[in-house]
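Student: This is the structure alone, sequence omitted:
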RNA sequence: UGGGCCGUCGACUAAUGGUAGGUCAAGUGCCUUUGGAGCACUUUGUCUAGGUUCGAAUCCUAGCGGCCCAGCCA
């Protein structure tokens, strides 16, 4: 396992350190991760999870998992299950599991208390009217005509809202704050709305449901949360968060806002991810192209890689976007150290070793992981007919191309030095097979005379090869910022038509015939691959997690001249 | 155009009035039975203009730029 990346400090840790120093909460650090169960968790949530759990762990504190389930029309138990699975998979364990709906009774009592204190009132205005009365960014709002009802009447009306006497949308409970506040959140925010909807946990007990602003801070307070982290867009809500707590005189949790994660070529909005799923642009929430935890897990990412990434990107209040290369770096770093190596040929080209005995099969030693001696070695069968990668042969090699070409000698990894003697082509001038001779004295890959070859290529014995499907992924979107669209179009116009390439004719070394689902390998010289649940015994399916860094691709891109054709490729 | 928040290498992030540092990316070299990995080196930055100060990324003022807020979503 990769050692933990050092966590660079941040302003939230500084706040906690200061609170610890001044003994503000008697040395307690209590956080919470509060997802709404209305979708799958994504890499952006992973950042929040690492923060919430990581900071609490660091200071011997506690973290609750709390489902923010105040809107029954969007929330489902499928999501609460996937969220728990994902948090655990990332390597975190919550101290207590709560639901905002656990607090519905208490929240109702507190609402009554606020009504009695003249701090809340039942409003009969419709949604449209409320919007109208709210004013605009530059103009103050106006008081609702119902704002000054008596406490008795408010109590009666609120009670009857709860009993179900009124239809959806006909009334709300509002906090009585200030319709002229420059902060729109303080212009008598709605605390309760009428919603005759079945709730995934409370069933039909309630037909009024608290709004986020009224539920979240009070839930934090009930759990004695000391540091309540959320994203920047809630900054404007903090005065309201504090207002409820002050009016109620309950435990003062503190809300601290940090910047949401943005990743290039990636969308991190639950609404848009849901759209991708529903419109079938991807094959479900766990499609390996999705930035969901379940998607990147299926893609082959490790929890350690994700945690190291989250701990390395820092936490601040600046709106920025992290390059996808950063995330990829951390999977490569982790997998390089732990993934066993294997040989796989994605686009096979037949190679015949003419001077190798027809039916001979040799078992060659291959190192499982050069980064980890304890991983040991395995046997790989070698015979007269092999597959190599089409990319590893060029009839007319460009400058700096070191791989196989007519007359050239290369090394077959853990095998022999071979020299290309001739090629067989079809009528379309395509190379069908390559003929080589091998040097029997080079078994294992070294020449007794000390001669060197410039290149080592991977291979699979044709007679022993396992047929496999390999899925190659590119970014889901073609634009760094998928939200950047022409007028009248939406983000789906930036979908990358080549985000998934299915290779059905891949040839794998025999040890890969029946991998465990989720097993991760490095296919030598190609990248990291992960066995997909679609695998069948003897016919595996692999997802490419990430390619290896490819220096040759860079060289070729920089000087795209093919001397064989005499013009830029 | 009301309010809130934010501007440091290409990206992300440190420096808490005292040497602008780290990671990724990019580049160069070494090494290599993965053109992988590793190692070494290199390039590029404090939004602008004033001010305070022995000294400013940091404090002040004024600009400029970006993000968020007018759901009975969270």
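Tutor: Yes, it's here. Treat the numbers as computed from the prediction; the structure is a model and nothing was measured.
Student: what's the domain layout of chain A?
Tutor: A:1-322, A:342-464, A:468-568 (automatic domain parsing).
Student: winner for burial among the ones you listed?
Tutor: domain A:1-322 (a mean of 18; mean count of other CB atoms under 10 Å). The C-beta positions use only the backbone N, C-alpha and C, and glycine is treated the same way.
Student: how distant is it from the center of its chain?
Tutor: 20 Å (CA atoms, centre = their mean, to the nearest Å).
Student: cool, and stretch A:378-394?
Tutor: 35 Å.
Student: What pLDDT is listed against the closest residue to residue A:276 other than its chain neighbours?
Tutor: Nearest non-adjacent residue to residue A:276, counting by CB to CB, 6 or more residues apart in numbering: residue A:282, 5.0 Å away. pLDDT, residue A:282: 98.
Student: Over to whichever residue of the stretch 351-500 of chain A sits closest to RNA strand B. Which of the three states is it?
Tutor: Minimum separation of the stretch 351-500 of chain A from RNA strand B (CB to the nearest atom of the strand) falls at residue A:445, amounting to 2.2 Å. Following DSSP: H, G, I helix; E, B strand; the rest coil, residue A:445 is assigned to coil.
Student: returning to what we had before: is the residue nearest to residue A:276 within a helix or a strand, and which one?
Tutor: Here residue A:282, judged by DSSP states H and E, is contained in no helix and no strand.
Student: Average pLDDT for whichever helix or strand residue A:242 is part of, rounded please.
Tutor: Assigning secondary structure by DSSP H and E places residue A:242 in helix A:238-248. Taken as a whole, helix A:238-248 has a mean pLDDT of 98.
Student: now stretch A:81-96
Tutor: Here the average pLDDT along stretch A:81-96 is 98.
Student: Run through who's touching it.
Tutor: A:33, A:35, A:37, A:40-41, A:45-46, A:49-50, A:53, A:62-65, A:67, A:97, A:223, A:285, A:293-294, A:297, A:303-304, A:306-307 (CB atoms under 8 Å, 6 or more residues apart in numbering).
Student: Among those, which ones are in strands?
Tutor: Under the assignment DSSP state E, the contacts of stretch A:81-96 contribute A:33, A:62, A:63, A:64, A:65, A:67, A:97 to strands.
Student: want to try a markdown table for those, with distance to residue A:149 as columns?
Tutor: Formatted as a markdown table, the ones in strands among the contacts of stretch A:81-96 follow (distance: CB to CB, whole Å):
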| residue | distance to residue A:149 |
| --- | --- |
| A:33 | 39 |
| A:62 | 42 |
| A:63 | 42 |
| A:64 | 37 |
| A:65 | 39 |
| A:67 | 34 |
| A:97 | 39 |
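Student: Could you export the residues you listed as TSV, including distance to RNA strand B?
Tutor: As requested, the ones in strands among the contacts of stretch A:81-96 are exported to TSV (distance: CB to the nearest atom of the strand, whole Å):
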residue	distance to RNA strand B
A:33	12
A:62	21
A:63	18
A:64	15
A:65	14
A:67	9
A:97	16
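Student: Nearest spatial neighbour of residue A:331, chain-adjacent residues omitted?
Tutor: Nearest residue to residue A:331, sequence neighbours excluded (CB to CB, 6+ apart): residue A:305, at 4.4 Å.
Student: Let me know the distance separating the one you found from residue A:489.
Tutor: 34 Å (CB to CB, to the nearest Å).
Student: before we move on, what about residue A:59?
Tutor: Distance of residue A:59 to residue A:489, computed by CB to CB: 47 Å.
Student: related to what we said a few turns ago, quick one, what contacts the residue nearest to residue A:331?
Tutor: A:2, A:330, A:331, A:333, A:334, A:335.
Student: does any bit of stretch A:248-267 sit next to RNA strand B?
Tutor: Yes - counting by CB under 7 Å from any atom of the strand, contacts between stretch A:248-267 and RNA strand B involve residue A:259.
Student: Quick check: end-to-end length of stretch A:365-373?
Tutor: Terminal residues of stretch A:365-373 lie 14 Å apart, using CA to CA, to the nearest Å.
Student: same check, this time on stretch A:161-178
Tutor: One end of stretch A:161-178 to the other measures 24 Å (CA to CA).
Student: Could I get the average pLDDT for that stretch?
Tutor: Stretch A:161-178 comes out at a mean pLDDT of 98.
Student: again, but for stretch A:181-200
Tutor: For stretch A:181-200, the mean per-residue pLDDT is 98.
Student: quick one: low-confidence parts of chain A?
Tutor: Where chain A drops to pLDDT under 70, the residues are A:1-7, A:560-569.
Student: Near RNA strand B, which residues of the stretch 1-150 of chain A are found?
Tutor: Within the stretch 1-150 of chain A, the positions lying close to RNA strand B (CB under 7 Å from any atom of the strand) are A:8-11, A:14, A:34, A:36, A:68, A:70-71, A:74, A:125-127, A:130-131, A:134, A:136-138.
Student: Show residues contacting stretch A:179-188.
Tutor: By CB under 8 Å, 6+ apart, stretch A:179-188 touches A:123, A:133-135, A:137, A:140-144, A:147, A:174-178, A:213, A:236-237, A:239-240, A:243.
Student: Might you enumerate the residues of the stretch 251-400 of chain A proximal to RNA strand B?
Tutor: Within the stretch 251-400 of chain A, the positions adjacent to RNA strand B are A:259, A:312-323, A:325-326, A:329, A:332-333, A:336, A:341, A:369-371, A:400 by CB under 7 Å from any atom of the strand.
Student: and the residues you listed, which of them are in strands?
Tutor: Per DSSP E, these map to strands at residue A:341.
Student: Residue A:477 versus residue A:65, what's the distance?
Tutor: Taken as CB to CB, the span from residue A:65 to residue A:477 is 31 Å.
Student: Residue A:98 now?
Tutor: Computed as CB to CB, the residue A:98 to residue A:477 distance reads 36 Å.
Student: Please name the bridge partners of residue A:199.
Tutor: The partner list for residue A:199 in beta bridges (DSSP bridges) reads residue A:203.
Student: so it makes contact with residue A:207?
Tutor: No - the pair residue A:199 / residue A:207 is not scored as a contact, 9.7 Å apart, by CB atoms under 8 Å.
Student: so what sits against both of the two?
Tutor: Here residue A:199 and residue A:207 share no contacting residue, scored by CB under 8 Å, 6+ apart.
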